[in-house]
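1. The following comprises the amino acid sequence and a computationally predicted model.
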Amino acid sequence: MSLPLEDYALIGDTQTAALVGRDGSIDWLCLPRFDSPACFAALLGDESHGRWLVAPAGGVRRVERRYRPGTLVLETDFHTEDGVLQVVDSMPVRDEAPDVVRVARCLRGRVAVRMELVLRFDFGRVVPWVRRYKDEGLVAIAGPEAVHLIPGRPVRGEDLTTVAEFELDEGDEVAFVLTWYPSHEPVPQAVDGIAATEDTTQWWHEWSDRCEVSDLVRRSLITLKALTYAPTGGIVAAPTTSLPEELGGVRNWDYRFCWVRDATLTLQSLLYAGYLEEARAWRDWLLRAVAGSPSEMQIMYGPAGERRLTELVLDWLPGYEGAAPVRIGNAAADQFQLDVYGELMDAMLQARQGGLETEEAAWRLQVALLDYLEGAWDEPDEGIWEVRGPRRHFTHSKVMAWVAFDRAVRTVEDTGLDGPVDRWRAARAAVHREVCEQAWDGERRTFTQAYGSRTLDAATLLIPTTGFLPADDERVVGTVDAIQRELCRDGFVLRYDTADGDDGLPPGEGAFLPCTFWLVDALVLLGRRDEAQAMFDRVASLRNDVGLLSEEYDPVARRLVGNFPQAFSHVGLVNSALNLERGPTSPAGVRARRGDGGSRRG
């Protein structure tokens, strides 16, 4: 039985990641990268689908855990009748094959320890061939995948499980190291688990000490760094797939990919925290991924920029707490979503304003994308929420089309780069006029989700943040009030009412946490700081004991739901925290605060 999401912590090496349970189990691990099928999948099935346990052999009275400050090295203390066992989990950051290192040490007394390793590949379906390897543990092979286990104590086979049982006295410590490698290549050089743990601690210290922010913000920045695919600079939305948006429901999606729309907020978080190198890598990934025909630009790509993200159902896995189906791949990659053009143009403007050098090739790509957008912005699309129903004229999509033209105009004005700026100004004005005429519900005093719709949409909270309208515009104030009145549940903001949204799926989901952060940002812009701070504190309190947030929160079950941890949620936390601490920090936010939004610029 899977643990609640709150009971998991994240470890990673900036190429892949694992989830470590409070009970000492690793229930989710994809090697050698986030979207690989060489996977422990107990989180989506049961223990027979892969699991790695290191814990006391007897009863546990109390569990305490923490990250070493400023790192992604996890310490879990198990208090038993006979003593205290500490398990230290990490993934060394190195250029070679990825490793998982688990160090068991006795802090007090004498503790009996049990290690169980259930190896399964292909999302828990394939049982590998396991054999002894010289005097250095075990090798497990299945097709192209192989792992090498270096056990700190003798192991034996037991019902397709590798087991070790031993005792540790106070001061004793023992390391277990699991290393992935391609099965056709030699076994990689062995890793000293004790030394690797200390080296990993130092690596994270050096990285996190580069910024001066609060501990709350630093933890989210470390989480974002852990979700980085270092070889390319891409940042995945989450390291998991098919963790349900509603317990027992069908809204189960694969988030182990990179969304273009995340570029703006992610770049903003990294730049304002001083991480210019990571921002440059993310910018460069973005440019490589979207290169090609403007009409074929996708909303998401693989960690290396892959375009084919074919969606499949894994019917041998019952899903997290029975939520089915389990999916890999994401069919939304084939959707048409207008907002990504605005996200890309805003990201590139922020990159230049943040100190990243201008590349002529990048600007040529942007101009080509805008040429396409000029003829496509008035088409319906699937929208930010990737609805699986009919295309519509979504308000947020049109606003982000306005953003695309606006940022192009600003780029020419600020940098002197060449482009058909008069055409872009005209397109910007046309989009603005249409949105204000077609998306505004004068009776209810709010912008709606789509033209002619009565459904509200939390994405319209981004209208002042993007600078489309100034924060003090009565239409912005009315929209914020309407969303607070109709989309807030138990203090959190829903994306939209799924009962009315007609997105081709059954109704029901938790509160999408980034939406609550958007409301915080809108309230800051409106000058309602105390209200914004209270809401921020409420959503920040949902972080689990090691500071992680998932995609959504179920206020009835009082549980985190959705893929975990979620980059978008942590980006929202970072940006809202900085907005509260320093005032609005994004270029769009500053413009909106000054009151020179699009409606006053034509």
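-> Yep, that arrived. Being a predicted model, the structure only gives us computed values, none of them experimental.
2. In contact with the residue lying closest to residue 401 once chain neighbours are set aside: list those residues for me.
-> Leaving out its chain neighbours, the residue that sits closest to residue 401 by CB to CB, 6 or more residues apart in numbering is residue 377, at 4.1 Å. Where you see a C-beta, it was placed from the backbone N, CA and C, and this is true even at glycine. The neighbours of residue 377, taking CB atoms under 8 Å, 6 or more residues apart in numbering as the test, are 338, 398, 401, 404, 427, 431.
3. so what's the fourth one up against?
-> Same thing as residue 404. Residue 404 makes contact with 341-342, 344-346, 369-370, 373, 377, according to CB under 8 Å, 6+ apart.
4. what does the first one give?
-> By CB under 8 Å, 6+ apart, the contact list for residue 338 reads 373, 376-377, 379, 381, 394, 397-398, 400-401.
5. Got the domain ranges for this protein?
-> Listed by automatic domain parsing, the domain ranges of the chain are 5-207, 210-600.
6. Mind telling me which of those the model trusts least?
-> Ranked by mean pLDDT, those bottom out at domain 210-600, with a mean of 90.
7. What about residue 556, how many residues nearby?
-> Neighbours of residue 556 under the rule other CB atoms under 10 Å: 9.
8. and it, helix, strand or coil?
-> Per DSSP: H, G, I helix; E, B strand; the rest coil, the secondary structure class of residue 556 is coil.
9. do residue 287 as well
-> Here residue 287 is helix, with the state taken from three-state DSSP.
10. Ignoring the adjacent residues along the chain, who's closest to it?
-> Nearest to residue 287 is residue 362, by CB to CB, 6+ apart, at 5.4 Å.
11. you'd agree that neighbour is up against residue 348?
-> Yes. The criterion here is CB atoms under 8 Å, and residue 362 meets it with residue 348 at 6.7 Å.
12. Looking only at neighbour counts, state which of the two leads.
-> Counting neighbours by other CB under 10 Å for residue 362 and for residue 348 shows that residue 348 has the greater number, 26 against 19.
13. Surely the more buried one is within a helix?
-> Yes. The assignment for residue 348 by three-state DSSP puts it in a helix.
14. which among the contacts of residue 338 end up buried?
-> Applying 16 or more other CB atoms under 10 Å to the contacts of residue 338, the neighbour count classes 373, 377, 381, 394, 397-398, 400-401 as buried.
15. Between all of the residues you listed, which two are separated the most?
-> Across the buried ones among the contacts of residue 338, the longest distance by CB to CB is 15.2 Å; it joins 373 and 394.
16. Next, count neighbours for residue 255.
-> The burial count for residue 255: 25, using other CB under 10 Å.
17. pretty sure it is in contact with residue 568, am I right?
-> No. Applying CB under 8 Å, one finds residue 255 not in contact with residue 568, separated by 9.1 Å.
18. can you list residues touching both of the two?
-> Residues touching both residue 255 and residue 568 by CB under 8 Å, 6+ apart: 237, 551.
19. ok, residue 333 to residue 250 distance?
-> Distance, residue 333 to residue 250, using CB to CB, to the nearest Å: 19 Å.
20. More neighbours: which of the two?
-> A side-by-side neighbour count of residue 333 and residue 250, using other CB under 10 Å, places residue 333 first with 20 against 15.
21. correct me, but residue 358 touches residue 412?
-> No. Using CB under 8 Å, residue 358 is not in contact with residue 412, being 11.9 Å away.
22. Who has more neighbours out of the two?
-> A count of neighbours by other CB under 10 Å puts residue 412 above the other of residue 358 and residue 412, at 17 against 13.
23. my read is residue 76 is in a strand, agree?
-> Yes. Looking at residue 76 with three-state DSSP, it is inside a strand.
24. and it, how many neighbours?
-> With other CB under 10 Å as criterion, residue 76 counts 22.
25. cool, and residue 107?
-> When neighbours are counted by other CB under 10 Å, residue 107 registers 16.
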